[in-house]
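> The sequence isn't on hand, but the structure is:
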């Protein structure tokens, strides 16, 4: 068990007695990965390439054939069901470490036993509360704090809502470490309303917030209003926290909190090549077979992303301006 206050921030360069979040995460992840009985497969040597448009393809056939069968999801607000798989049923051997925050809540970080890539982990906020896979404002604030605490450019944090490829109906976020830049990180954004920006010159349009250490609380409140609106209107969504270019056109790199409304995946026919969840939304495609890995191109990938965009994004933008 570690307290958030035990970790150093990037600004605390000379604080040697504190822990570094990413160092601890990667070291313990590797220790567990070396135990054969924990992971469903290994991710030591994944083939990867970057193609036109800066899209990242990684060949991971085991992700399709050896992962746990996802829970059947029919509703964006489906209640938690303790009889189905949830993280309280996961082996304690899968736990990387637990975090204790300032308000006396405990959050658990697991390895993902069916990983997309090396260091793929899962953060389950307040696990014992058995919350459904519906974002809470508190958990959103937590991931923003962790992101800045980690201070690592390779860190990405993602969330798939119910009906947006979430496979377990128990509140959790995905933690990734990926060295490649991704297309969504340079998507051009325009100001929409208050702190909300939007991007439309991307295969699947969405919303974006620029986050700094000084405005974490404000952005949490404003972005959660948008998420609450999507939930109220039963709009499935994916969320991605990453580094990227400034939304205002200056040269500095910033932190982007990206929210995609999307068509529901409930009952939809899925591809054999990949499923469009949070990684694919960002331009990062874990591909399931060698033929597709070798032949997929920018046009194929963008066509599949466009298949999931909502029909009336501009109308949704108008509603957002009026209602949040």
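Received it, and whenever you're ready, just let me know what you need. Just so it is clear, the structure is predicted and the values come from calculations on it, not from any experiment.
> Show me the shaky parts of the stretch 1-150 of the chain.
In the predicted model, the stretch 1-150 of the chain carries pLDDT under 70 at residues 12-17.
> Tell me which stretches of it form helices.
All helices of the stretch 1-150 of the chain, identified by DSSP state H, counting those that start in this stretch, fall at 21-33, 62-65, 137-150.
> Please indicate which of the ones you listed has the most neighbours on average?
helix 137-150 (a mean of 20; mean count of other CB atoms under 10 Å). Any C-beta I mention is one placed from the backbone N, CA and C, and that applies to glycine too.
> Can you list the strands that the helix or strand following that helix pairs with?
Proceeding N to C from helix 137-150, the next assigned helix or strand is strand 155-160, under DSSP states H and E. Here strand 155-160 has these sheet partners by DSSP bridges: strand 173-177 (antiparallel), strand 236-245 (antiparallel).
> can you tell which of those strands is closest to residue 210?
strand 236-245 (8.9 Å; CB to CB).
> Mind listing what's buried along the next helix-or-strand element following that closest one?
Moving toward the C-terminus from strand 236-245, the next helix or strand (DSSP H and E) is strand 253-262. Across strand 253-262, burial judged by 16 or more other CB atoms under 10 Å covers 254-262.
> before we move on, the earlier item: looking at the helices of the stretch 1-150 of the chain, which is closest to residue 266?
Per CB to CB, nearest to residue 266 of the helices of the stretch 1-150 of the chain: helix 62-65, 19.8 Å.
> Can you give me the distance of the residue nearest to residue 196 when sequence neighbours are not counted to residue 63?
With CB to CB, 6 or more residues apart in numbering as the criterion, residue 196 has its nearest non-adjacent residue at 5.7 Å, and that residue is residue 207. Residue 207 is 28 Å from residue 63, where distance means CB to CB, to the nearest Å.
> Please apply the same query to residue 99.
Shown here: residue 99 relative to residue 63, a distance of 27 Å by CB to CB.
> Tell me the bridge partners for the most centrally placed residue in the chain.
The residue lying closest to the centre of the chain (CA atoms, centre = their mean) is residue 158, at 0.7 Å. Residue 158 forms beta bridges with residue 174, residue 240, as assigned by DSSP bridges.
> was I right about it contacting residue 241?
Yes: Residue 158 lies in contact with residue 241 (CB atoms under 8 Å); the separation is 7.4 Å.
> low-scoring stretches of the stretch 151-300 of the chain, by residue?
The model of the stretch 151-300 of the chain has pLDDT under 70 over residues 268-272.
> So which residues of it form helices?
216-232, 278-282, 290-295, 298-306.
> Show me which residues of the last one are buried.
When burial is assessed from 16+ other CB under 10 Å, helix 298-306 yields the following buried residues: 301-302, 304-305.
> by how many degrees do it and strand 253-262 diverge?
Using axes from the mean of the first three to the mean of the last three CA atoms, to 10 degrees, the inter-axis angle of helix 298-306 relative to strand 253-262 is 60 degrees.
> Quick check: the gap between residue 175 and residue 71.
Distance from residue 175 to residue 71, by CB to CB: 21 Å.
> same thing with residue 315?
To residue 71, residue 315 is 32 Å away according to CB to CB.
> for the residue lying closest to residue 66 once chain neighbours are set aside, what are its contacts?
Excluding the flanking residues, the one nearest residue 66 by CB to CB, 6+ apart is residue 40, at 4.6 Å. Residue 40 sits next to 62, 66-68, 113-114 when contact means CB atoms under 8 Å, 6 or more residues apart in numbering.
> Against residue 182, how distant is residue 284?
Counting by CB to CB - residue 284 and residue 182 are separated by 6 Å.
> Quick check: neighbours shared by those two?
When contacts are counted by CB under 8 Å, 6+ apart, residue 284 and residue 182 have residue 56 as shared neighbours.
> What degree of burial does residue 190 show, as a neighbour count?
The tally of other residues near residue 190 (other CB atoms under 10 Å) stands at 12.
> pretty sure it contacts residue 199?
Yes: contact criterion CB under 8 Å: residue 190 and residue 199 qualify, at 7.5 Å.
> Number of residues surrounding residue 266?
For residue 266, the neighbour count with other CB under 10 Å is 15.
> how about the nearest residue to it, chain neighbours excluded?
Closest residue to residue 266 apart from its sequence neighbours, by CB to CB, 6+ apart: residue 163 at 4.7 Å.
> right, and the strands paired with strand 155-160 - which one's nearest residue 81?
With CB to CB as the criterion, residue 81 lies closest to strand 236-245 of the strands paired with strand 155-160, at 18.9 Å.
> more crowded one of residue 315 and residue 71?
The residue with more neighbours, out of residue 315 and residue 71, is residue 71; 17 against 10, by other CB under 10 Å.
> one step back: format the helices of the stretch 1-150 of the chain as TSV; extra columns: distance to residue 8.
Shown next, in TSV, are these (distance: least, CB to CB, whole Å):
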stretch	distance to residue 8
helix 21-33	8
helix 62-65	34
helix 137-150	8
